[in-house]
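*Asks:* model the following, please.
(chains A and B)
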There are 2 protein chains.
Amino acid sequence: MLSGKKRGLQSIEFLQAPIISSSASVAGPLESKSSWAEDFDWIMEDYLLGESSWERTETKVLQQVIQIALDKQQLSFEDIEVFLAGDLLDQIISSNYTARELKTPFLGLYGACSTMAEAILIGAMLVEGGFFTRLVAAAGSHHYTAERQFRFPTEQGVQPAPYSQWTATAAGALVLEAQGNGPRVSSITIGRIVDMNQKDANNLGAAMAPAAADTIHRHFLDLNRDSDYYDLVVTGDLGLVGQDLLEELFVQQGVVPKPNISDCGVLLYDGIPEVNAGGSGCGCSACMLCGPLLKKMYRGDLQRLLFVATGALMSPTSTNQGESIPGIAHAVAIEI
Amino acid sequence: MLSGKKRGLQSIEFLQAPIISSSASVAGPLESKSSWAEDFDWIMEDYLLGESSWERTETKVLQQVIQIALDKQQLSFEDIEVFLAGDLLDQIISSNYTARELKTPFLGLYGACSTMAEAILIGAMLVEGGFFTRLVAAAGSHHYTAERQFRFPTEQGVQPAPYSQWTATAAGALVLEAQGNGPRVSSITIGRIVDMNQKDANNLGAAMAPAAADTIHRHFLDLNRDSDYYDLVVTGDLGLVGQDLLEELFVQQGVVPKPNISDCGVLLYDGIPEVNAGGSGCGCSACMLCGPLLKKMYRGDLQRLLFVATGALMSPTSTNQGESIPGIAHAVAIEI
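*Replies:* Next up is the predicted model:
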């Protein structure tokens, strides 16, 4: 079996094109007000779901979204050959405890909000390479676990900056298979770190926009394409501030911003005006991809999607030590 | 080009067998007293190396060990197609800042002390699958960054438990290539989470030993081998407590403990009696593999090595919330 080939400096074009045979999304109570809500598979009724901590809820949600994705294809945990996942929590505990329940071989990843794309692109290479025939990629986040870890004790009720993004309570999971029906992962571009010396941990969109511009530019160069090739290029999660910066960077690069470019952090909070600058968190782009966007593809309303998940790779320690925020973006092209 | 095949439930046997064309190891001031010290490429003269924080030093050391590995083959950062790495720090900041300097496509991983094996086994599949011809896998840890993050403020000088392992100040890096000279990654076994409800974060060996036993047992089953196939089966890092437990588990499984089984956490601190229970930390097994063990292979003194890196996947938050510690172990067979 032939497998995909490297194109240019950072991209792989697949020959077999692994299939997304199933996907599922979960959204939190606030996110249920999104104008996309009807495309989520499950809406959490509250932030705890009967657990004793938000962290345990985050794990429960990640398990649940995988269960829903598997149920759609009448699959069980035993049918999964390997599980790739990550989350925002220190030492990715939500993913570790989820992997404990799945009992499958597990590869833990950390790419902040780019994790879903990282999991899909590694998973796609492992399927295309002939190593596995079926695997699960997943990512999730919870507003209250992330806020108290990255910013302030949640009970303190600190007023967020108007340009700071809202960490989504959301999760997404998908099943990648060598054979079957569904949209195909046709090519990928692995991101590199871009750091423009942005140090404000309340403005992650600004830290990630240059990485998104770099990866999208590289994807088009490597595969000799432009944004016309895609019905939609969707970043995740730049929010409103980062999205504006991305447009400026496109103008600087001589790329005319196209109407077919959007952002998961903006889309998820469409219809929720109290979230000023849009969303972020691993679960934001995972939920938008595995819910509304892939559902559009399954329905045939979207033929070619470029999913560009972006991550701000700082920690509270690095921020306190005055370090700037490294950004990364990974791109996954999905086509039917 | 044909690529490797899945064997049994968790293993892959490679047909091309990616080559470890170069490797390098760095050890800290305490670790310089190890009886293996002459096989380290560089010994840190102190814990800061002129940096303003231990975290920055950890990044510097990770960059340096990669530089040394590349220098041995007259390679530069531009020759690397993709970089896989992880570390113990929250949000793997050492790896992120190292990736910023390398400027190559980057895949961030988190597997605690199993990270080096995770990076090698993903890297080996990416090379074997024909996606890349040359990549770098690396991991590192620093005693003082890990201690203050996982346990107590370092200045507090808390007396460690006699069975607690010493987080190594050490790092290792290797270059994986599709072609060239050197030992080959011949097969891998991806670990699954094993959690025996151990909750004492001072006793990581006990949390990881069942995972090591599970993965080694699975490796032998999947590939129809036993430990006689290997000159050395080396876990990392169980320390003395975990190593004893592993032997007990082998007896329970009906596997006779063999003299060719050892542990990186025990080996690294051989000759350093003040470290009671042996070492741990991503850098411990990475340094032992990329230094003494691979040097033995390059010299022809070791023909077949099974490297089984183990990770304790808890966080201070999960421990404080009363969760048990999930263990994982990934196995990489290296042969000349």
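*Asks:* show me the contacts for the closest residue to chain B within the stretch 151-300 of chain A.
*Replies:* At 3.6 Å from chain B, residue A:190 is the closest residue in the stretch 151-300 of chain A, using Cβ to the nearest Cβ. Just so you know, the C-beta spots here come from the backbone N, C-alpha and C atoms, and that holds for glycine as well. Neighbour list for residue A:190: A:10-12, A:121, A:330, B:82, B:105-107 [criterion: Cβ atoms under 8 Å, 6 or more residues apart in numbering or on different chains].
*Asks:* tell me which of these is nearest to residue B:51?
*Replies:* residue B:106 (21.7 Å; Cβ to Cβ).
*Asks:* so the closest one is in which element?
*Replies:* strand B:106-108 (DSSP states H and E).
*Asks:* tell me if whichever helix or strand comes after that strand is near chain A.
*Replies:* Remark: after strand B:106-108, the chain's next helix or strand is helix B:115-128, criterion DSSP H and E. Yes: residues of helix B:115-128 contacting chain A under Cβ under 8 Å from any Cβ of the partner chain: B:118, B:122, B:125-126, B:128.
*Asks:* can you tell me the helix or strand for residue A:240?
*Replies:* Assessed by DSSP H and E, residue A:240 sits inside helix A:239-252.
*Asks:* any idea how far residue A:61 is from the residue nearest to residue A:125 when sequence neighbours are not counted?
*Replies:* Nearest-residue entry for residue A:125: residue B:131, 5.4 Å, with adjacent residues in sequence omitted and distances by Cβ to Cβ, 6 or more residues apart in numbering or on different chains. Note on residue B:131: its distance to residue A:61, by Cβ to Cβ, to the nearest Å, is 32 Å.
*Asks:* re earlier: who does the helix or strand just after the helix holding residue A:240 pair up with?
*Replies:* With elements assigned by DSSP H and E, the helix or strand that comes after helix A:239-252 is strand A:261-263. Its sheet considered, strand A:261-263 pairs with strand A:232-236 (parallel) by DSSP bridges.
*Asks:* can you tell me which residues contact the closest residue to residue A:14 other than its chain neighbours?
*Replies:* In this structure, residue A:14 finds its nearest non-sequential neighbour in residue A:4, 3.9 Å apart by Cβ to Cβ, 6+ apart. The contact partners of residue A:4, taken as Cβ under 8 Å, 6+ apart, are A:12-16, A:125, A:128, A:187, B:129-131.
*Asks:* just the buried ones out of those, please.
*Replies:* Listed as buried from the contacts of residue A:4 are A:12-14, A:16, A:125, A:128, A:187, B:129-131; burial here means 16 or more other Cβ atoms under 10 Å in any protein chain shown.
*Asks:* how about the residues you listed in TSV, adding distance to residue A:213 and pLDDT?
*Replies:* Shown next, in TSV, are the buried ones among the contacts of residue A:4 (distance: Cβ to Cβ, whole Å; pLDDT from 0 to 100):
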residue	distance to residue A:213	pLDDT
A:12	21	98
A:13	22	97
A:14	24	97
A:16	30	90
A:125	24	98
A:128	27	96
A:187	18	98
B:129	29	96
B:130	29	95
B:131	24	97
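*Asks:* out of the residues you listed, name the ones that lie in helices.
*Replies:* A:125, A:128 (DSSP state H).
*Asks:* got CSV for the buried ones among the contacts of residue A:4, with distance to residue B:74 too?
*Replies:* Shown next, in CSV, are these (distance: Cβ to Cβ, whole Å):
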residue, distance to residue B:74
A:12, 27
A:13, 31
A:14, 33
A:16, 36
A:125, 28
A:128, 32
A:187, 32
B:129, 27
B:130, 25
B:131, 24
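*Asks:* relative to residue B:221, which of the buried ones among the contacts of residue A:4 is nearest.
*Replies:* residue B:129 (24.4 Å).
*Asks:* list the contacts of that closest one.
*Replies:* A:3-4, A:125-126, A:128-131, B:3.
*Asks:* one more pass at 10 Å, please.
*Replies:* A:3-4, A:12, A:125-131, B:1, B:3-4, B:14, B:16, B:18 (Cβ atoms under 10 Å, 6 or more residues apart in numbering or on different chains).
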